[in-house]
Every structure is written in structure tokens, then in C-alpha cells.
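Chemist: no sequence on hand, only this structure:
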């Protein structure tokens, strides 16, 4: 089983990634525009985007390494492999479920289920940052770029105000629960049918406020990398936007993508449509918007997923006899 499952997963993932990428309609336009960009003076920007991709997943690997060290020491290289392997599986499961499965295979037997709840803490921190940044972006755009629009594609400002309120309350509640994990864990453990699964969540009690703050800061840094990647891609594809408006709109875009449940490998169309709706308010370069969205999708999801599928070849599901 140890020598068959890994290669088999790699074959399935590689074939699926190739098939799905080939069927994305906007990729050919993106390739043509990217080819033109490379021929110009933007080659260094493309290299910068690749370096930001490595930084992006490196920050996520560091978060996971900090979290799981309370049950098993993991070096940074193994953490990076686990992150990319999880990404390769998450491309085909909604809301990142494969992400947990891909990471836990790198843990020792008996510690895998415990690692799932610790991984969830990292996702919780990233979601909190995404909600907070999206809220800030909404408020900025509402006060500036959208102030002369009576209706945004059927959304009245009354509805936007309602969304702002709901997101603000949700963000505060999520941050409260995040920093009260030890208290929340003790409370949940008192539930009779949960007590038998206490081993899965008891390690949450040992996460210090210092580590929680550190994870949150790493999540915020990672989000900044997302925004910078988009700004770089806008420049590559000649999408001319005011810097502050572009950054705020990217924050709102990630907010929308975080709220809507999607399968990452299949949501390029939805990402493109969301990008057109949001950035279309600020620019008429629709082809550049679509190319930027597809470029980010390829850079942050597909290329790392290909690497993750390669790492899956050598996984060992069973380490004990």
C-alpha cells in the first residue's frame, strides 16, 4: 500500500490538473497576453510574481509548522511539502477539505486527527484577516470609488451597508473566538458526545496568546502578498487603476471568494466574473482583468498543486508495522 498509493495519487492528480486546465476558456487569452508581456519589459515582474508565490506558501508552511510542533516537530521543508500536497488535493474538494487530508499524511500515526484541528486554527486566522481586509476594502470603496453610483449591478447601497454590518459583526466574533480558543475548548469538552473525541481538540488549550498573535501576523503578511501579486499582475497586463482603489478592490474580491463555497480548480470562471464585476467599476480593460485573474489562478494554485502532486509520490500512509 505504501508503494502504490503515492504514485497512483500522483497519476490521478496530474491527469486531472492537466484536463481541467486545458478546459479553461480564458487561459489561451492569458497565454497570449503573457507572451506579449515577456517580450516587453515586464520579465522582471513575472519573476517577482513567482518569488511572491514561493513566499506565499512559505508563510503558510511556517504557520502550520508553528501549530503542529505541539504534537510533532516538523522541519520547514516537510511543512512546505505538506502545504503543497494539501493544495493539490484541495483543488478537487470544496472549501479546502483536501487541504487537511494532504497535510495529515505527513504526520505520524496517532497524531493525524489531532493535526486537523490545529490546521483549522491556521485557516481560522486567515479567514479573520480576509474578513477584516475585505471589510476595510468595502468601507474605502463605498466612501470613494462607489460614492457616485446609485446601484452596483443590482446591489443598492442599503444592501451594501447591511453587508458591511454583518461582516463587521462576523469578524469581531471570529477574532474573539480565535483568542479564546482555550476557553472554548474547555467549554466544548463538557458536551457529553464530544468528550470521547477530546484527544482531537485538547491540544488547542496549549496554544499560547503569543503563538496565536504570531499566526495572525503571518496570515496578515500572507494576505499582503496576495494583494501585491494582484497589483503586479495588473501592471503586467496593462490594467491601469489607482493604487489604493485597486488594493481595496482586491481585498473585496478575496472576501467574496472566501464567503462563496467553491472548488478551486473549477472556480476560474467565477473568479473571472467576480473580478469583472468589481474591477469593471474602475477600468474598461476587461481582457486585462480576465488575464490577471487567470494568471493569479495559475500562479497561486495550479503551479504549486503540480509540485504538490509530485511530493505525493513519496508519501507513506503507514509507518508502523
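Modeler: Structure received. Because the structure is a prediction, the values reported are computed rather than measured. Numbering: from 1, shown residues only.
Chemist: please make it C-alpha for all contacts and neighbour counts, starting now.
Modeler: Fine.
Chemist: all helices for the stretch 101-250 of the chain, in order.
Modeler: Along the stretch 101-250 of the chain, counting by DSSP state H, counting those that start in this stretch, helices occupy 112-143, 157-179, 181-189, 192-195, 198-201, 209-236, 243-259.
Chemist: against which helices or strands is the second one packed?
Modeler: When contacts are defined as 3 or more C-alpha pairs under 8 Å, 6 or more residues apart in numbering; DSSP states H and E, helix 157-179 packs onto helix 112-143, helix 209-236.
Chemist: between that helix and helix 112-143, how big is the angle?
Modeler: For helix 157-179 and helix 112-143, the angle between their directions (axes from the mean of the first three to the mean of the last three C-alpha atoms, to 10 degrees) works out to 150 degrees.
Chemist: all further residue positions should be reported with the first residue as 4.
Modeler: Renumbered: residue one is now 4, and that last one reads helix 160-182.
Chemist: tell me how far helix 160-182 is from the chain's mean position?
Modeler: The chain centre lies 20 Å from the centre of helix 160-182; the measure is C-alpha atoms, centre = their mean, to the nearest Å.
Chemist: related to what we said a few turns ago, could I get the helices and strands packed on helix 160-182 as CSV with distance to residue 202, mean pLDDT and mean neighbour count?
Modeler: Below are these laid out as CSV (distance: least, C-alpha to C-alpha, whole Å; pLDDT from 0 to 100; neighbours: other C-alpha atoms under 10 Å):
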stretch, distance to residue 202, mean pLDDT, mean neighbour count
helix 115-146, 7, 90, 20
helix 212-239, 20, 94, 19
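Chemist: reformat those helices as JSON lines; add distance to residue 256.
Modeler: JSON lines is the format used below for those (distance: least, C-alpha to C-alpha, whole Å):
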{"stretch": "helix 115-146", "distance to residue 256": "8"}
{"stretch": "helix 212-239", "distance to residue 256": "10"}
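Chemist: between these, which gets nearest to residue 311?
Modeler: helix 115-146 (17.5 Å; C-alpha to C-alpha).
Chemist: the closest one packs against which elements?
Modeler: Contacting helix 115-146 under the criterion 3+ C-alpha pairs under 8 Å, 6+ apart are the following elements: helix 46-71, helix 100-107, helix 160-182, helix 201-204, helix 212-239, helix 246-262.
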